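J.: predicted model and sequence follow; I will ask about them next.
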Amino acid sequence: MARTPLYKAAESEMIARIEKGDWEVGRRLPNEFILADEFGVSQGTMRRALITLEGRGYLSRKPGRGTLVAAKAPAQDTTKVSAQTPVLCGADGAPLALEPFRGRTATRAATASEATSMGCERVAVLERTLKYRGARAALEAVAVPVDLIPKLDEDAPANLADLLDHHGITCAAVRADARAEVTDMSQSVALSSDRHTALLVVRTAAFDASDRVIARQILRVAVEDARLVYL
């Protein structure tokens, strides 16, 4: 029987840790030397495994910021995620209480993706900075068909289902996925954070009873150890 190459064995073990949640999304991994020692392989073998997993979407590697776990399942489609309710939680396991800080609302033409998923030509949008425990902690972007909500409220709750309920809209399901990124210059300025601060990026979609997308939200959260869980 052919022997499994060491880099393949390392890849399989790392993927297993990510998919089981032993390495949660957003976790910063040790450097190549430490990982190579842990997995019993050479640094070159470990580097090859890390590059492969980055290419497959499991990891995000940035100069000066190390290696982050990017996603449990790379390139995940929010329309195919588990129907369980997604909840954004902090290190203590409690839901993150994100509060509106500064925002703007507008309407614009729907993107090709929005037009396809929401069946509309124009969307109402809300872009906000959110606070957590008094500090700027997240950036939010929401899009909803204008025929459903002509104008979004800057002070609506950050949770997408609650935001819709605030506007008198009830959704049948909410689905989400998450991955890790780092801030660019404009995001760092908006969050008053260091350049290349780790972010948990949560993409959420709300659906009506016919399984049509009625709202989309992207949250970029800079709260340390924040994670997406399903209840």
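T.: Perfect, I can see it now.

J.: now for the helix-or-strand element of the chain with minimal mean pLDDT, which elements pack on it?
T.: One helix or strand of the chain scores below all others by mean pLDDT, DSSP states H and E: strand 59-62, with a mean of 78. Helices and strands touching strand 59-62, by 3 or more Cβ pairs under 8 Å, 6 or more residues apart in numbering; DSSP states H and E, are helix 43-55, strand 66-69, strand 173-182. (Glycine included, C-beta is placed from N, CA and C.)

J.: now the ones you listed in JSON lines, with mean pLDDT?
T.: Supplementary listing: those in JSON lines, determined by pLDDT from 0 to 100:
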{"stretch": "helix 43-55", "mean pLDDT": "81"}
{"stretch": "strand 66-69", "mean pLDDT": "86"}
{"stretch": "strand 173-182", "mean pLDDT": "89"}
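
J.: select, out of the ones you listed, the one closest to Tyr230.
T.: For Tyr230, the closest of the helices and strands packed on strand 59-62 is strand 173-182, at 8.5 Å, according to Cβ to Cβ.

J.: with just CA atoms, put the closest one into PDB.
T.: Taking Å, rounded to 0.1, in the frame of the first residue of the first chain, the C-alpha atoms of strand 173-182 are listed here in PDB:
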ATOM      1  CA  ALA A 173     -35.000  31.500   8.400                       C
ATOM      2  CA  VAL A 174     -31.600  33.000   8.900                       C
ATOM      3  CA  ARG A 175     -28.400  31.400   7.700                       C
ATOM      4  CA  ALA A 176     -24.800  32.400   7.900                       C
ATOM      5  CA  ASP A 177     -21.200  31.500   7.300                       C
ATOM      6  CA  ALA A 178     -18.000  32.900   8.700                       C
ATOM      7  CA  ARG A 179     -14.300  33.300   7.800                       C
ATOM      8  CA  ALA A 180     -11.300  35.200   9.000                       C
ATOM      9  CA  GLU A 181      -9.700  38.300   7.400                       C
ATOM     10  CA  VAL A 182      -7.600  41.200   8.500                       C
END
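
J.: now that strand: buried residues?
T.: Neighbour-count burial for strand 173-182, counted by 16 or more other Cβ atoms under 10 Å, picks out Val174, Arg175, Ala176, Asp177, Ala178, Arg179, Ala180, Glu181, Val182.

J.: for the last one, which non-adjacent residue is closest in space?
T.: In this structure, Val182 finds its nearest non-sequential neighbour in His196, 4.4 Å apart by Cβ to Cβ, 6 or more residues apart in numbering.

J.: around that neighbour, how many other residues sit close by?
T.: His196 has 18 neighbours, counted by other Cβ atoms under 10 Å.

J.: surely it meets Thr183?
T.: Yes: using Cβ atoms under 8 Å, His196 makes contact with Thr183 at a distance of 6.3 Å.

J.: so which of the buried residues of strand 173-182 is the closest to Ser188?
T.: Val182 (9.1 Å).

J.: on that earlier part again, strands paired with the least confident helix or strand of the chain, and their directions?
T.: Sheet pairing of strand 59-62 (DSSP bridges) gives strand 66-69 (antiparallel).

J.: please, which helix or strand holds Arg17?
T.: Counting by DSSP states H and E, the element that carries Arg17 is helix 6-20.

J.: now tell me what touches whichever helix or strand comes after that helix from outside.
T.: For helix 6-20, the following helix or strand on the C-terminal side (DSSP H and E) is strand 28-29. Contacts of strand 28-29 with the rest of the structure, by Cβ atoms under 8 Å, 6 or more residues apart in numbering, involve Trp23, Leu35, Leu59, Gly66, Thr67, Leu68, Val69, Ala198.

J.: how about the fourth one, nearest residue that isn't a chain neighbour?
T.: Think Gly66. The shortest distance from Gly66 to any residue other than its chain neighbours is 5.3 Å, reached at Arg28 (Cβ to Cβ, 6+ apart).
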